[in-house]
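Chemist: sequence plus predicted model, see below.
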Amino acid sequence: MKKVIIWMAGLMLAGMSLVIFYYQKVDEPIPAQLDKTLPGQVEEKREREELQPVYTHDSIGYSLQNNELNITYDNGVHWNKVPVGKDQLFEGEYSGNQLELIEGSYILSERVSAFIYMDGASQDVKRLMLVHSADEGKTWNHSVVSEQHAPIRYRKVAFLDDAFGYIIVSGGRTMSSEGTSVFLTNDGGQNWRLAADSGTTRLIYSGGFVDESIGFLSYGILNPEAPDLYVTQDGGSSWRKASFSIAPKYSKIFVTAEVPVKEDGGMTVLLNQGPTGDYKGGKVRAKFESNDHGLTWTFVEEVEPIEEG
């Protein structure tokens, strides 16, 4: 009996020693190389990856470093984080190189900051969203542009003033066909409405509005042979195909319409040569003008490319 008591006492002493040893180990600091989330290490990492702006103009720019989107309005002295996942900015049938934002998919100006993104778990249908700020990124609003949309290829957002803006996206591509959607806002991007369909399923090249009533959609990016430009003159309620008076010598040369602009009381548009044009080096464009708000166009002149540098 005496041996049993001594044996049990030994077990109790051994157990207490193990408990004391365990808690001593818990209290010891975790080696830095094993703890990858210590606050000090995160700060060190961010200091090593100092943000470098990708400038849009003047002192305004953005950064995609550290796997997040930040914007600056003072040459990178101060930064504000955009509350959206980096991957959400590039989702769709076209995702760019992901080193820079997709052209047309965002606005960074003194008046507004805005970014198109997709939201949702489904790979086939997601919500089309816009995150935007009117105070240089200090506060943000998320707006639902469309509750359901197929993966997008072409995307463009723009505001003509503090209230009116538009978003043009295409998606659901099958071979050389896809759908194009135009969304309009009159309250600074809080609410969006879907404009009428243009009636064509060709791949869109570009689009835009010149005011709240007049807008354009230009189609044809695969072997275009003539400009395919649609115009609305009633704020997106209906679309009509524009016509061009092109001399025979320019037939199948100037084939793709860029976005028209207002000029000298009327409108002008440049036609380029498409992806395979080789007339005078392929860079010369043709200028056309319209006096009926973009419905019919007449030739003005050839336009030489602007030399860089």
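Modeler: Yes, it's here.
Chemist: I'd say residue 165 and residue 156 touch.
Modeler: No. Contact criterion Cβ atoms under 8 Å: residue 165 and residue 156 do not qualify, at 10.7 Å. Where C-beta positions appear, they are placed from N, C-alpha and C, glycine not excepted.
Chemist: residue 140: how many residues sit nearby?
Modeler: 18 (other Cβ atoms under 10 Å).
Chemist: what does residue 269 give?
Modeler: 25.
Chemist: state the pLDDT value of it.
Modeler: We have a pLDDT of 98 for residue 269.
Chemist: spatially central residue in this structure, please.
Modeler: When Cα atoms, centre = their mean is applied to the chain, the residue found nearest the centroid is residue 105 (2.4 Å).
Chemist: got phi/psi on it?
Modeler: phi -80, psi 0 (degrees, to the nearest 10).
Chemist: thought it was touching residue 156?
Modeler: Yes. The pair residue 105 / residue 156 is scored as a contact, 7.2 Å apart, by Cβ under 8 Å.
Chemist: about what we covered before: neighbour-wise, which of residue 165 and residue 156 wins?
Modeler: The neighbour count for residue 165 versus residue 156, taken as other Cβ under 10 Å, is higher for residue 165 (25 against 22).
Chemist: so what's the more buried one closest to, chain neighbours aside?
Modeler: residue 159 (3.7 Å; Cβ to Cβ, 6 or more residues apart in numbering).
Chemist: contact partners for that neighbour?
Modeler: Contacts for residue 159 (Cβ atoms under 8 Å, 6 or more residues apart in numbering) come out as 107, 111-112, 114, 165, 188-189.
Chemist: list just the nearest of those residues to residue 66.
Modeler: residue 114 (21.6 Å; Cβ to Cβ).
Chemist: what's the burial count for that closest one?
Modeler: Residue 114: 26 neighbours (other Cβ under 10 Å).
Chemist: wait, is it part of a strand?
Modeler: Yes. With DSSP: H, G, I helix; E, B strand; the rest coil as the criterion, residue 114 is part of a strand.
Chemist: quick check: bridge partners of it?
Modeler: residue 107, residue 132 (DSSP bridges).
Chemist: that one reaches residue 131, doesn't it?
Modeler: Yes. Taking Cβ under 8 Å as the definition, residue 114 is a contact partner of residue 131 at 7.1 Å.
Chemist: relative to residue 279, how far out is the residue nearest to residue 165?
Modeler: Per Cβ to Cβ, to the nearest Å, residue 159 is found 36 Å from residue 279.
Chemist: now residue 248
Modeler: On the measure of Cβ to Cβ, residue 248 and residue 279 end up 14 Å apart.
Chemist: have a look at the two and say which one is more surrounded.
Modeler: Shown here are residue 248 and residue 279; by other Cβ under 10 Å, residue 279 has more neighbours (15 against 6).
Chemist: quick one: residues contacting the residue nearest to the centre of the chain.
Modeler: Residue 105 touches 89, 115-116, 155-157, counting by Cβ under 8 Å, 6+ apart.
Chemist: which pair of the residues you listed spans the longest distance?
Modeler: Maximum distance among those (Cβ to Cβ): 14.1 Å, for 89 and 156.
Chemist: and the end-to-end length of stretch 258-267?
Modeler: 12 Å (Cα to Cα, to the nearest Å).
Chemist: go on, stretch 131-150?
Modeler: 19 Å.
Chemist: so where's this structure uncertain?
Modeler: Residues of the chain that meet the criterion pLDDT under 70 lie in 1-48, 308-309.
Chemist: do that again at 50, thanks
Modeler: The chain contains residues with pLDDT under 50 at 1-11, 13-46, 48.
Chemist: quick check: the gap between residue 162 and residue 203.
Modeler: Where residue 203 is concerned, residue 162 sits at a distance of 33 Å (Cβ to Cβ).
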